[in-house]
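Visitor: Next one to model:
(chains A, B and C)
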Amino acid sequence: MSVYAPDLDTRPRPSSGRGRRSSPWTWRWGDRLVLLCAWAAGLGLCLIAAAIVLYMGYRGIEYLRPGLLFARPAISTSQSHTGGILDPLIGTLLLTAIGIALAFPLAVASAIWIAEYGRPSWLARIVESSIEIVAGTPDIVLALFGVAIFQLGILAPLSFRAEGGGVYGRSFIAAGAMMSLIALPPLFVATRDGLRAVPTHMREAAFALGKTRIATIRRVLLPSVRSNIATGVTLGVSRIIGDTAIVVLLLGKTLHIETQGSVPAINLLRGTGSTLTSYVYDNSPAGEGAAPQKAYAAAFVLLLFVLALNLLVDKIGSGSLTSSV
Amino acid sequence: MKWLRKPWPDHRAERTLGAVSLLVGVVVLGMIAFVGVRAWPIFAHNGLSWLGSGGSLQTQLANMQATSVNPPAAAFHLRAWPLVYGTLLSTGFAVVLGVAIAVLSSIFIVELAPARLRRVAIPVIRLLASVPSVIYGLIGVLVFVPFVGNHLITASQKASVQSTVELTGAGLGVVVVILTVMITPIMIALICEALLSTPRSWREGAVALGLNPLRAVLAVTLRAIRPAIVAAAVLATARALGEAVMISMASGGSFFTPSLSHGVPIFLFEPFRTLASAIIDFNEGIGAPALSATLYAFAALLLFSAFVLSIAGYLIKLPLRKYQVRA
Amino acid sequence: MHFVADKFDGEYEHSVPPVRTIVLDRPPVPVAPGVRERNPLREPLPSTTGPERLSLREISIDYGGVPAVKSVTMSIHQGEVLALIGPSGCGKTTLLRTLNRLTELTPSAARAGEVLLDGDDIHQLPDTTLRARVAMVFQQPNPFPMSIFDNVAFALREQSRKRPRRREIEPLVIDALRRAGLYEEVRDDLDRPALRLSGGQQQRLCIARAIAPRPEVLLMDEPCSALDPISTGVIEELIGELRRDLAVVIVTHNLAQARRVADKVAFMYLGDLVEYGTTADVFSQPRAARTRDYVRGAFG
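Guide: Now for the predicted structure:
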């Protein structure tokens, strides 16, 4: 039995044949039903996703001309003269920039404070609960909140004034401020979880070298969670460009970007315009319904952005499902 | 600005970071306060009965829109039951369907799918979760609604309810289907993670007792992740409640209350409106004080239900904790 | 306290540490009511060898081309406890897991040879049927997150076509708990969560769960390695009583445990079955030099 001579090893070679499995035909009825439904559900979801992407792609290629990306939208009764989607595109990019610019310091600072300091503990609980509440609030409630704030007298200079002087509470900065609330939770959670995952010995090594806590954070910890922050930013951007309710309520529906006042950058922030999402909404039968073809084109561009962001998250993220949903 | 360049001492850094963090709490408090204050006139004039029914909601809102400055008390009269009913219907159906589909899909992804299919499924779920709601709405209104209107609703069905409502295809059925697709990916992500984090020893033990792998998951692991399923359902309900844009596009936008007395297929074809979609539909009139108060009242109700949901989720999970590992 | 040095006045220059009576010197108090106190130097239990249950014929297992078990042939009888001993990595756990085809959970596993359970080739039986007849207890106690009753009743409920009612199952559950030596401790509340039991109680619950559907063979993968000595003693006592109805195969690292518990011993080394015989033979008169070295503790 114990022959330590490999060349003379004449035993039969193991094969990976599996033994007989119990086949589903012998299972209980309930189990068979669950098996069927589980396969149906799983395959169904994959098919739905494929259908959405393919259909939007089909319609988008049908209606999207590269020229549309650079042409400004125009008012017209016939679809072919309604111009392009340049202004909504710029609007989307501008809002995203404002939203991330406002959310980034707030989210990262809070995440650092929660992960590294966090005293007194009742305050930490309040901050974490607040961010959870913001994450769970529907976007229209945030939009209404924005309207309420920016209609206040003190913030009136920040929003668009109509000719008659009435303050509508609408402007890029108003929408951008609320967009920052949308982007805040993903960025906060990503940064905080990234900081928590840094092993304690890194911190201890820095302390042992005599660095203060804040210096450790700046020089040691933040660089090591760069990819988490990048994932968070990408998720935040993805949520911002997909949001319609805030745009509809806080940005007006002017076709072109209109500026307010004379100071060069500030007048753009105080101005109104539209984004890809509000453009799609307005051109569908729910809005004015004038140009469903342009709606498809803009929606296709939007979907491309979202797909690109998804791929980006895949590249830099950890690949787990919940870190990016 | 020299003091900014020099390395900060710890206590100053801590205070600054803490103050910035507190800002978020202040913002949330502000949100609750502002929404509540703006919504107050409706509660003052109607009490809680504005949630009930009475009179035509359409005329009530038209009245509000017409009065622009210093509206009389009568303008605040509101009975918004059709909207509440629409919200309950659409959210209820979507969540029930969604939980079932999410659990089944999660079992598929974690247990049944061959490795290649599993690698495809994860990006698919992430994609479905990140598609903007306006694209769902667009597909809904430009593809599903005409399909349902032209091919699924028969002429006799349309004629039978012509006196009360016009069936165009935009309605409860389309909205529930799309809403289910929107909320399922979040639930799948949470449930998959819960399934993967249950100890392998339970599965091994169940298989060693003579169960086939699917049965092992159903009998042991599924029972063990019941709190996670509850958490996922709560999250999905909050998402469904707040969905405004897609419903505004695909629901037909009418104050009609779909009723089962018309028979099941027609019930699913009837148009409706929810609290959230009403806010978007009427946002132009936010200048009129009475209408503005109404919209804020709707928002206040949505906020309140989000709170109630999280508390309900916590309460449901309590008795389930008895059998968990953390016990 | 009295000093040993006192007895030898002046004969020792170095001080000797005082000898004190400590608690462990007193005889141990039995903890589980109904369990006899074990005398470690007892005579072997009377033999209860019955018919052959499992027959291994030239069974070989590979993991991804790396041989884990090389051509093992032996037979396992009812009424006997067979201990698989050997150093780490010798293949004894793999061999154990082959007996209820749990190795198939690993995709890279390949096998050759056959195993016959009462004359049936286990690879021709559906795997669920096989595992209903050959039960396993694992190294780490793994009770399900349910009540004690539901744990023991689990296999009974799952293996029947129609879901049996509680009244029908209750006597079987109580009987299984009795045979596992756990009933007296949990009888007041069978619906308590199983995860609240102590480690030794959880392992006895797993044993009860495994023997409830009356299997023919019980496989135990180092069942006591995660437990304290008192629980270990209780479980070893159990094994002695269980072996009358079942064939028991136990993998153990602990040579003393093998000596206490087993009737037959199989020593494996690097995948080969080096020696197989009765406990007395293998431990006092081993035939292979390697067995003698291992049993004496020269390596391991």
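Visitor: ranges for the helices of the stretch 1-150 of chain A?
Guide: With DSSP state H, counting those that start in this stretch, the ranges of helices along the stretch 1-150 of chain A come out as A:29-63, A:86-112, A:121-136, A:139-150.
Visitor: Quick one, which of those helices gets closest to residue C:177.
Guide: Distance to residue C:177, taken as C-beta to C-beta, is lowest for helix A:29-63 among the helices of the stretch 1-150 of chain A, at 28.3 Å. Any C-beta I mention is one placed from the backbone N, CA and C, and that applies to glycine too.
Visitor: wait, isn't residue C:218 in contact with residue C:241?
Guide: No. Taking contacts as C-beta atoms under 8 Å, residue C:218 lies outside contact range of residue C:241: 11.9 Å.
Visitor: So for the two, which sits in the more crowded spot?
Guide: residue C:218 (23 against 12; other C-beta atoms under 10 Å in any protein chain shown).
Visitor: So for stretch A:223-241, what gets flagged as buried?
Guide: Within stretch A:223-241, the residues scored as buried using 16 or more other C-beta atoms under 10 Å in any protein chain shown are A:225, A:228-241.
Visitor: now the chain, which segments are flagged as low pLDDT?
Guide: In the absence of a named chain, this looks at chain A. Chain A contains residues with pLDDT under 70 at A:1-13, A:16-18, A:22, A:24, A:74-82, A:153-169, A:260-264, A:267, A:289-290, A:317-325.
Visitor: wrong one, I was asking about chain C
Guide: Using pLDDT under 70, chain C drops low at C:1-14, C:19-47.
Visitor: ok, back up a step: residues shared between the contacts of residue C:218 and residue C:241?
Guide: Shared contacts of residue C:218 and residue C:241 (C-beta atoms under 8 Å, 6 or more residues apart in numbering or on different chains): none.
Visitor: Spatially nearest residue to the residue of chain A found nearest chain C, not counting backbone neighbours?
Guide: Nearest residue of chain A to chain C, counting by C-beta to the nearest C-beta: residue A:19, 3.4 Å away. Leaving aside its sequence neighbours, residue A:19 sits nearest to residue C:123 (C-beta to C-beta, 6 or more residues apart in numbering or on different chains; 3.4 Å).
Visitor: At the contact with chain A, which residues of chain C appear?
Guide: Neighbours of chain A within chain C, by C-beta under 8 Å from any C-beta of the partner chain: C:58, C:60-62, C:67, C:70-73, C:101, C:104, C:108-113, C:122-130, C:161, C:269, C:272-274, C:288.
Visitor: ok, of these, which come out buried?
Guide: The buried subset of the residues of chain C next to chain A (16+ other C-beta under 10 Å) comprises C:60-62, C:67, C:70-72, C:101, C:104, C:109-113, C:122-123, C:125-130, C:269, C:272-274.
Visitor: where do the strands sit along the stretch 101-250 of chain C?
Guide: Per DSSP state E, counting those that start in this stretch, the stretch 101-250 of chain C carries strands over the ranges C:109-117, C:120-121, C:134-137, C:217-221, C:247-251.
Visitor: The shortest one: partners in the sheet, and parallel or antiparallel?
Guide: What that stands for is strand C:120-121. Looking at strand C:120-121 with DSSP bridges, its partner strands are strand C:109-117 (antiparallel).
Visitor: if I pick residue 213, what's in contact with it?
Guide: Just so you know, I chose chain A. Counting by C-beta under 8 Å, 6+ apart, residue A:213 touches A:116-117, A:207, B:10, B:13-14.
Visitor: The chain in question should be chain C.
Guide: Contacts of residue C:213 by C-beta under 8 Å, 6+ apart are B:209-210, C:132, C:135, C:155-156, C:159.
Visitor: which pair in those residues spans the largest distance?
Guide: Within these, C:135 and C:156 form the most distant pair, 12.4 Å apart (C-beta to C-beta).
Visitor: Inside strands: which ones of the buried residues of stretch A:223-241?
Guide: Counting by DSSP state E, none of the members of these fall within strands.
Visitor: Phi first, then psi, for the residue in the stretch 51-200 of chain C positioned nearest to chain A.
Guide: Residue nearest to chain A within the stretch 51-200 of chain C: residue C:123 (3.4 Å; C-beta to the nearest C-beta). Phi and psi for residue C:123, reported as degrees, to the nearest 10, are phi -80, psi -10.
Visitor: Wait, it touches residue C:57, no?
Guide: No. Counting by C-beta under 8 Å, residue C:123 sits too far from residue C:57 to count as a contact (11.8 Å).
Visitor: any shared contact partners between these two?
Guide: Common contacts of residue C:123 and residue C:57 (C-beta under 8 Å, 6+ apart): C:114-115.
Visitor: ok, back up a step: who has more neighbours, residue C:135 and residue C:156?
Guide: More neighbours surround residue C:135 than the other of residue C:135 and residue C:156, with 26 against 19 (other C-beta under 10 Å).
Visitor: Just list the residues touching the more buried one, thanks.
Guide: B:208-209, C:100, C:210-211, C:213, C:215, C:217-219.
Visitor: Also residue B:207?
Guide: Residues near residue B:207 by C-beta under 8 Å, 6+ apart: B:213, B:216, C:102, C:105, C:131.
Visitor: can you check residue B:18 too?
Guide: Contacts of residue B:18 by C-beta under 8 Å, 6+ apart are A:113, A:117, A:123.
Visitor: Helix or strand: which one has the closest residue to the second one other than its chain neighbours?
Guide: It refers to residue A:117. Closest residue to residue A:117 apart from its sequence neighbours, by C-beta to C-beta, 6+ apart: residue B:14 at 5.0 Å. Take DSSP states H and E as the rule and residue B:14 turns out to sit in helix B:10-46.
Visitor: what is the rounded mean pLDDT of that helix?
Guide: In this model, helix B:10-46 has a mean pLDDT of 87.
Visitor: Look up how far residue B:33 lies from residue B:21.
Guide: With distances taken as C-beta to C-beta, to the nearest Å, residue B:21 is found 19 Å from residue B:33.
Visitor: Output the set of residues of chain B in proximity to chain C.
Guide: Near chain C, when you scan chain B using C-beta under 8 Å from any C-beta, you find B:199, B:201-202, B:204-212, B:215, B:219-220, B:223-224, B:322-325, B:327.
Visitor: Buried members of those residues into ChimeraX, please.
Guide: Selecting only the buried entries of the residues of chain B next to chain C in ChimeraX, with 16+ other C-beta under 10 Å as the criterion:
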select /B:202,204,205,206,207,208,209,210,211,212,215,219,220,223,224,323
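Visitor: circling back: tabulate the contacts of residue A:213 in a markdown table, adding columns for neighbour count.
Guide: Below are those laid out as a markdown table (neighbours: other C-beta atoms under 10 Å in any protein chain shown):
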| residue | neighbour count |
| --- | --- |
| A:116 | 20 |
| A:117 | 20 |
| A:207 | 14 |
| B:10 | 15 |
| B:13 | 21 |
| B:14 | 19 |
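Visitor: Just put the residues you listed in JSON lines and tack on distance to residue B:133.
Guide: Output for the contacts of residue A:213, formatted as JSON lines (distance: C-beta to C-beta, whole Å):
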{"residue": "A:116", "distance to residue B:133": "36"}
{"residue": "A:117", "distance to residue B:133": "37"}
{"residue": "A:207", "distance to residue B:133": "47"}
{"residue": "B:10", "distance to residue B:133": "44"}
{"residue": "B:13", "distance to residue B:133": "40"}
{"residue": "B:14", "distance to residue B:133": "40"}
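Visitor: measure stretch B:194-212 end to end?
Guide: Stretch B:194-212 stretches 21 Å from its first residue to its last (C-alpha to C-alpha, to the nearest Å).
Visitor: now it: mean pLDDT?
Guide: Across stretch B:194-212, pLDDT averages out at 90.
Visitor: How far off centre is it?
Guide: Its chain's C-alpha centre and that of stretch B:194-212 lie 34 Å apart, by C-alpha atoms, centre = their mean, to the nearest Å.
Visitor: Looking at chain A, which residue is nearest chain B?
Guide: In chain A, the residue that lies nearest chain B is residue A:138 (2.2 Å; C-beta to the nearest C-beta).
Visitor: Nothing else from me, thank you.
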